[in-house]
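J.: got a sequence here, can you model it:
(2 chains)
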Amino acid sequence: MKGVYIIADHMLSALGTDSAAHFEHLCKGETGIRPYDKWEDLPGPFCLATVPDEQLKAACDLYRIPSTYTRFERFLLLSIQAVLQESGIDPASPDTVTILSSTKGNIDLINPATAERFPNARINLSETARTVQSYFGLLQPPVIVSNACISGVMALIMGARLIRSGQYRHAIVSGADVISDFILTGFESLKAVSPEPCRPYDADRQGISLGEGCGTIVLSADKRPGSIAILGGSISNDANHISGPSRTGSGLQQAVRQALSASGNPRIDYISAHGTATAYNDDMEAEAFHTLGMQSIPLNSFKGYWGHTLGAAGILETIAACWSMRRHKLFSSAGYANNGVSKPLNIITQAQDADIRTCLKTASGFGGCNGALVLQKEEDYAGHRAL
Amino acid sequence: MPVIAHYSLIKDGVLAIDGLAIYRHEDKEAGAAAFASALYKHMELSYLKFFKMDNLSKLGFLAAEALTKAVPDFADTPKDKTGLFLMNTHSSLDTDERYYETVANDENNFPSPALFVYTLPNIVIGEICIRHKITGEHAFLLSEQPDATLLCNYVCNVFDENAVDAAIVGWVEYYGAKRHALLMWVNRLPGQTGAREFTPEAIQQLWTIHS
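T.: Numbers count the residues shown, from 1 in each chain, chains lettered A, B, ... in the order given. Purely as a prediction, here's the structure:
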């Protein structure tokens, strides 16, 4: 069975336009979530984690991404361009598969005010696949995963499986979503949006903060110095409710157990959890990790830094977990002060040095879906990337 | 190698199992909602959640209902080892547009949470899982055309990992005039009459015959 390794990554969110910028802010515990009186035509107040326009423009200029693309497409193009430069892999090779993950893609084009400049069909993610294919000269349109908030974790598991089976040597896995009035009004209609920056697992948590961004990872069958391995992963379904998690977290437990078993049951040093800061999600995770006997493992949620980025979340958070492992650092769970989940977890409250060899990444989403992924660095890991 | 043991099809007012029509809606002019309700009655279902589902979920739900009734080994397959892998072109766009009408309309109209929760394509997977208590591996993928190669390769990867014993695999599309479900029951049981090898060619052939 072939190994699968993370050999390059790129992050784009409210915290910055590359991975290094994210690392700096994470070390200082700085959030990218900001209060807004209004967002476009929607009256607020809201707390959102948006990518600043001037930063996006600078990053697009750096990677020569034309402004003729939508915001969502620019996220993907610049992030993929960044990992291609870092990794040097050939996206047009028959050995390379490209996988995109998104919940809603160009959904902002459903608003006639936004849609003026672009053809209607562009709203379909299958059109995004064509756009990315022609931009990078890919042999095939990218595979598209659209499975709610576990899309990113699912795309990574899929990439790892397609490499492990020998069908491909490399997988470019890129996940993105943009903030739109569609998504914002939707989560507001569910009364799931927090009036203050989100506070995962905290006693005073009031819901999610929406974010936007893109995360891209290059997976490879060829190990490079300092690369982190994906040992295994698993997907499950609660079979309980389409918009609420199971009370017991049985679906998440199943995904974690399967992922650990597929990975040879390694000891887990750290959990990068989903932690949306809704009452039900965070309690569900607490129940699941307790039943699994994982309640004392250091755990955080990155949602307090760049919000809930939906289809990008699983990839951005996996990259951040890789930085934890590479830099021997556990990041605090932003927004957390006092335990507010039904069973206490070991939430990280301050950035601290720690040697983390093996990490569990989890995600859960609408439709009752759960995903779990196991990451591991080399035993004699020395660290490879200087800032 | 996994095999396609059975398949269900809903298209143009017809429900078929393994290529044989078992229900034909006479009123060709009737809308999709009327057809879905007629099919629900014909199948003698009693499942109130059906009536709150969106069009995509109703279509997938009915095709899965017909398929699982036709599959002798469905009940005996462990629910955590039953997979569900679906694909379409237009995601949940039919419901996205319905939801957005509630956002963009006049001041007396409020964004509808009941519609918003259906604005993800994988909700149909969630509905089928709830109905049949399926908790296994799943994925919703989007593609301009039915991508038989990807579906076959990925589902075979999941079988090879022994993450599933059997799976519902197929295409569920509901947008505009495109209303079409083709679901296959894929397993690894030997000696099943009429089963064909689960290959990209076999998937493509089924697709071509029935599209």
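J.: sec struct for B:Ile22, please.
T.: Using DSSP: H, G, I helix; E, B strand; the rest coil, the structure places B:Ile22 in strand.
J.: quick one: A:Val178 from chain B, how far?
T.: 15 Å (Cβ to the nearest Cβ, to the nearest Å). Glycine gets a C-beta too; all of them are placed from N, C-alpha and C.
J.: for B:Glu26, the count of nearby residues, please.
T.: Counted by other Cβ atoms under 10 Å in any protein chain shown, the residues lying close to B:Glu26 total 7.
J.: ok, it to chain A distance?
T.: Going from B:Glu26 to chain A by Cβ to the nearest Cβ gives 33 Å.
J.: over to the residue nearest the centre of chain B: give its phi and psi.
T.: Nearest to the geometric centre of chain B sits B:Gly60, at 3.3 Å (Cα atoms, centre = their mean). Dihedral pair for B:Gly60: phi -60, psi -40, per degrees, to the nearest 10.
J.: buried set for the lowest-mean-pLDDT helix or strand in chain B?
T.: Within chain B, no helix or strand scores below helix B:32-42, which has a mean of 91 by mean pLDDT, DSSP states H and E. Neighbour-count burial for helix B:32-42, counted by 16 or more other Cβ atoms under 10 Å in any protein chain shown, picks out B:Phe35, B:Ala36, B:Ala38, B:Leu39, B:Tyr40.
J.: for A:Ser102, state which of these is nearest.
T.: Proximity of these to A:Ser102 (Cβ to Cβ) peaks at B:Ala36, which lies at 28.5 Å.
J.: look up how far A:Arg71 lies from the closest one.
T.: 37 Å (Cβ to Cβ, to the nearest Å).
J.: go on, A:Asn240?
T.: 35 Å.
J.: and residue 18, how many residues sit next to it?
T.: Went with chain A since none was named. A:Asp18: 17 surrounding residues under other Cβ under 10 Å.
J.: ah, no, chain B please
T.: 15.
J.: show me what contacts it?
T.: The contact partners of B:Asp18, by Cβ atoms under 8 Å, 6 or more residues apart in numbering or on different chains, come to B:His6, B:Tyr7, B:Ala70, B:Gly194.
J.: quick one, phi psi at the closest residue to B:Thr77 other than its chain neighbours?
T.: Once flanking residues are discounted, B:Thr77 sits nearest to B:Ala166: 4.7 Å by Cβ to Cβ, 6 or more residues apart in numbering or on different chains. Main-chain torsions, B:Ala166, degrees, to the nearest 10: phi -160, psi 160.
J.: ok, now which ones touch B:Ala166?
T.: With the criterion set at Cβ under 8 Å, 6+ apart, B:Ala166 makes contact with B:Asp73, B:Phe74, B:Thr77, B:Lys81, B:Thr82, B:Gly83, B:Trp185, B:Val186, B:Asn187, B:Arg188.
J.: the closest residue to the second one other than its chain neighbours sits in which helix or strand?
T.: Here the nearest residue to B:Phe74 in space, its sequence neighbours aside, is B:Thr68; by Cβ to Cβ, 6+ apart that works out to 4.7 Å. Using DSSP states H and E, B:Thr68 sits within helix B:55-70.
J.: return the distance of that helix from the chain's centre.
T.: 6 Å (Cα atoms, centre = their mean, to the nearest Å).
J.: that one: which residues count as buried?
T.: Those would be B:55-68, B:70, for helix B:55-70 by 16+ other Cβ under 10 Å.
J.: return the distance of the residue nearest to B:Lys81 when sequence neighbours are not counted relative to chain A.
T.: The spatially closest residue to B:Lys81, leaving aside those adjacent along the chain, is B:Asp165, at 4.1 Å (Cβ to Cβ, 6+ apart). According to Cβ to the nearest Cβ, B:Asp165 stands 13 Å off from chain A.
J.: ok now do B:Asp165, which residues does it touch?
T.: Neighbours of B:Asp165 in contact, by Cβ under 8 Å, 6+ apart: B:Thr77, B:Pro78, B:Lys81, B:Thr82, B:Asn187, B:Arg188.
J.: nearest residue to the last one other than its sequence neighbours?
T.: It stands for B:Arg188. Nearest to B:Arg188 is B:Pro2, by Cβ to Cβ, 6+ apart, at 5.3 Å.
J.: the one you found - how many residues pack around it?
T.: Around B:Pro2 there are 24 other residues, counting by other Cβ under 10 Å.
J.: name the helix or strand of chain A that has the lowest mean pLDDT.
T.: The helix or strand with the lowest mean pLDDT-type score in chain A, counting by mean pLDDT, DSSP H and E, is helix A:112-115 (a mean of 81).
J.: show me the shaky parts of chain B.
T.: By pLDDT under 70, the low-scoring segments of chain B are B:28-29, B:105-106, B:108.
J.: picking up where we left off before, of the buried residues of helix B:55-70, closest to chain A?
T.: B:Ser57 (8.5 Å; Cβ to the nearest Cβ).
J.: report how many residues lie close to A:Ser87.
T.: For A:Ser87, the neighbour count with other Cβ under 10 Å is 19.
J.: surely it and A:Ile217 touch.
T.: No - counting by Cβ atoms under 8 Å, A:Ser87 sits too far from A:Ile217 to count as a contact (9.9 Å).
J.: shared neighbours, those two?
T.: With Cβ under 8 Å, 6+ apart as the test, A:Ser87 and A:Ile217 both reach A:Ala8.
J.: what strands line up against the strand or helix carrying B:Trp171, and which way round?
T.: Assigned by DSSP H and E, B:Trp171 falls within strand B:166-175. Applying DSSP bridges, strand B:166-175 is found paired with strand B:82-88 (parallel), strand B:178-187 (antiparallel).
J.: which of these is buried the deepest?
T.: Among the strands paired with strand B:166-175, strand B:82-88 has the highest mean neighbour count (mean count of other Cβ atoms under 10 Å in any protein chain shown), at a mean of 25.
J.: kindly export that one (C-alpha atoms) in PDB.
T.: Extracted in PDB, the C-alpha atoms of strand B:82-88 (Å, rounded to 0.1, in the frame of the first residue of the first chain):
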ATOM      1  CA  THR B  82     -23.500   0.400   3.300                       C
ATOM      2  CA  GLY B  83     -22.200   3.200   1.100                       C
ATOM      3  CA  LEU B  84     -24.000   5.900  -0.900                       C
ATOM      4  CA  PHE B  85     -22.200   7.700  -3.800                       C
ATOM      5  CA  LEU B  86     -24.200  10.200  -5.900                       C
ATOM      6  CA  MET B  87     -23.500  12.600  -8.600                       C
ATOM      7  CA  ASN B  88     -25.200  15.300 -10.700                       C
END
